[in-house]
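A structural model of the following input is requested.
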Amino acid sequence: MELKRTKIVDIFDPQLVGEKVCVKGWVRTRRGNKNVQFVALNDGSTIKNIQIVINLEKFTEDFLKPITTGASLHVDGTLVASQGKGQSVEIQAEEIEIYGTADPEEYPLQKKGHTLEFLREKAHLRMRTNTFGAVFRIRHHLAFAIHKFFNERGFFYLHTPLITASDCEGAGDMFQVTTLNLGDLPKTEDGKTDYSQDFFGKTTSLTVSGQLEGELGATALGAIYTFGPTFRAENSNTPRHLAEFWMIEPEIAFYDINDNMDLAEDFIKFCVKYALDHCKDDLEFLNKMYDNSLIERLQSVIKEKFVRLTYTEGIEILKAANKKFEFPVDWGTDLQSEHERYLVEEHFKRPVILTDYPREIKAFYMKQNDDQKTVRAMDVLFPQIGEIIGGSEREADYDKLIAEIERRNIPMKDMWWYLETRKFGTVPHSGFGLGFERLVLFVTGMANIRDVIPFPRTPKNAEF
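Model (predicted):
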């Protein structure tokens, strides 16, 4: 009778000791002598390997020769308490089936340290390494935590469109979507591209945000969140930017800016605590290999109350700081990562929520304050990262919103449906956006955002 496979994450159960077990996975290492060989096998379910003990009285050298790093195996044997150091249990192999070999001359992930830059070039294989196995298991748990958080609080998961005719942020950095023949574009009488012949009959792009559609959901369902891919065609080659990334965007009716800040703080603490509770082995590995203050930093985020202060107060602190910044800071300037990190890491030594930004540097939809100069914006600033969440109370007043749209010359024809939410039963409402990869970056302690998404999309790079 064929044994049922046990995942390696479950194989360390003391109750299985003495039992016949079946494991399947990829070889990390093989070592030994002429009497006994030891294979470290991993199946991706945990950072831990299971040691396979191969007695050479049962298996010939010729049979074992193809069992090299990267090969895949099916092993049946008995789980026993380990005699050696480094593992509590091991499997005495009785039957071995080699599923696939990996030629040591060609397989790029040999047993040696590889740079993260090198592994980005091997993104189709890098998930097999300890580092990326840990990162992507943590990424999964964080995604699950996000759905759990909102579901438990009565939010509805709303799927907003990936293809859109509106530019939410007004930045214009969008990827165009078209079925027109780019080598032979149809023209109008005045020589412009005739988009009436395109698939949607108008200019369309990949979305930069699901927020505007999310607001429609909030003004019907009360509280919604989106969680999906978003796209920015910024030519930014930095460790903090991707052209394709995932965004979480809750939108909530009857919430003001203070409710919004409370939600953001609760949300991010919930996610960090979930990772600490469910990703212990992977976090300990990353703490040991990449950032020995990682776990301590994650724990401090849960314990500390986030500081809340206005942009104006933040500017005063920065101007009084005895520190030379690369980018000069003054009221009205958009804060750079160095400014945000100074407030968080050096001045307050805890996360900061900055509010009431100048109207001119924020988006058109943010609620205007009575001073006519600032808006009810809210940015959550984190150590190592800078801004991790951006949000605001939304402008609910039809006349103010339309005046701001006209002042910024945003095309009205694309916004009629959004404006109607302010004409028909408008309510105070708020929301924010969290770049998922920035959260994963913070929780894993990795230094480059390209290392927390399986297949990064960046300028001049769309491999795999």
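
Go ahead and confirm Phe136 touches Pro454.
Yes - the pair Phe136 / Pro454 is scored as a contact, 6.5 Å apart, by CB atoms under 8 Å. Just so you know, the C-beta spots here come from the backbone N, C-alpha and C atoms, and that holds for glycine as well.

any residues in contact with both of the two?
Contact with both Phe136 and Pro454 is made by residues Met127, according to CB atoms under 8 Å, 6 or more residues apart in numbering.

Tell me which of those two has more neighbours.
Neighbour count, other CB atoms under 10 Å: between Phe136 and Pro454, Phe136 has more, with 19 against 13.

Please tell me how far that one sits from Met446.
11 Å (CB to CB, to the nearest Å).

With Val301 instead?
In terms of CB to CB, Val301 sits 16 Å off from Met446.

Over to Ala377?
In terms of CB to CB, Ala377 sits 28 Å off from Met446.

do Phe436 as well
14 Å.

Of those two, which one has the most company?
Met446 (25 against 22).

Verify the contact between the more buried one and Val452 for me.
Yes - between Met446 and Val452 there is a contact under CB under 8 Å: 5.6 Å.

Pull up the overlap in contacts between these two.
Joint contacts of Met446 and Val452 (CB under 8 Å, 6+ apart) are Val135, Val440.

next one: phi and psi at Trp90?
Check again: residue 90 is Glu, not Trp. The phi/psi pair for Glu90 (degrees, to the nearest 10) reads phi -150, psi 170.

Repeat that for Gly390.
phi -130, psi 130.

residues in contact with the residue nearest to it when sequence neighbours are not counted?
Leaving aside its sequence neighbours, Gly390 sits nearest to Asp379 (CB to CB, 6 or more residues apart in numbering; 5.2 Å). Taking CB under 8 Å, 6+ apart, we find Asp379 in contact with Glu340, Ile353, Leu354, Tyr357, Glu387, Ile389, Gly390, Gly391.

helix, strand or coil for the closest residue to Phe364 other than its chain neighbours?
Closest residue to Phe364 apart from its sequence neighbours, by CB to CB, 6+ apart: Glu404 at 4.9 Å. Secondary structure, DSSP: H, G, I helix; E, B strand; the rest coil: Glu404 is helix.

what does Thr230 give?
Looking at Thr230 with three-state DSSP, the answer is strand.

show me the residues around it that make contact.
Residues in contact with Thr230 (CB under 8 Å, 6+ apart) are Leu206, Thr207, Val208, Ser209, Gly210, Glu244, Phe245, Trp246, Met247.

Try it again at 6 Å.
Thr207, Val208, Ser209, Met247 (CB atoms under 6 Å, 6 or more residues apart in numbering).

Show me the beta-bridge partners of it.
Per DSSP bridges, the residues bridged to Thr230 are Phe245.

Can you pull out the low-pLDDT segments for the stretch 1-150 of the chain?
Within the stretch 1-150 of the chain, no range satisfies pLDDT under 70.

ok, now which ones touch His278?
Counting by CB under 6 Å, 6+ apart, the residues that His278 touches are His141.

Hmm, I typed the wrong one, I wanted Lys400.
Gln368 are the contacts of Lys400 under CB under 6 Å, 6+ apart.

Which residues belonging to stretch 69-85 are considered buried?
Buried residues in stretch 69-85, counting neighbours by 16 or more other CB atoms under 10 Å, are found at Thr69, Gly70, Ala71, Ser72, Leu73, Val75, Asp76, Gly77, Thr78, Leu79.

Which residues outside it are in contact with it?
So stretch 69-85 is in contact with 3, 16-17, 19-24, 26-27, 52, 88-97, 99-102, 107, 110-111, going by CB under 6 Å, 6+ apart.

So which of those residues are in strands?
Among those, DSSP state E puts 20-24, 26-27, 52, 89-97, 99-100 in strands.

and the residue nearest to Gln110 when sequence neighbours are not counted, which of the three is it?
Computed as CB to CB, 6+ apart, the closest residue to Gln110 that is not its neighbour in sequence is Thr69, at 5.8 Å. Three-state assignment for Thr69 (three-state DSSP): coil.

from the ones in strands among the contacts of stretch 69-85, which would you call buried?
For the ones in strands among the contacts of stretch 69-85, buried by 16+ other CB under 10 Å: Val21, Cys22, Val23, Lys24, Trp26, Val27, Ile52, Val89, Glu90, Ile91, Ala93, Ile96.
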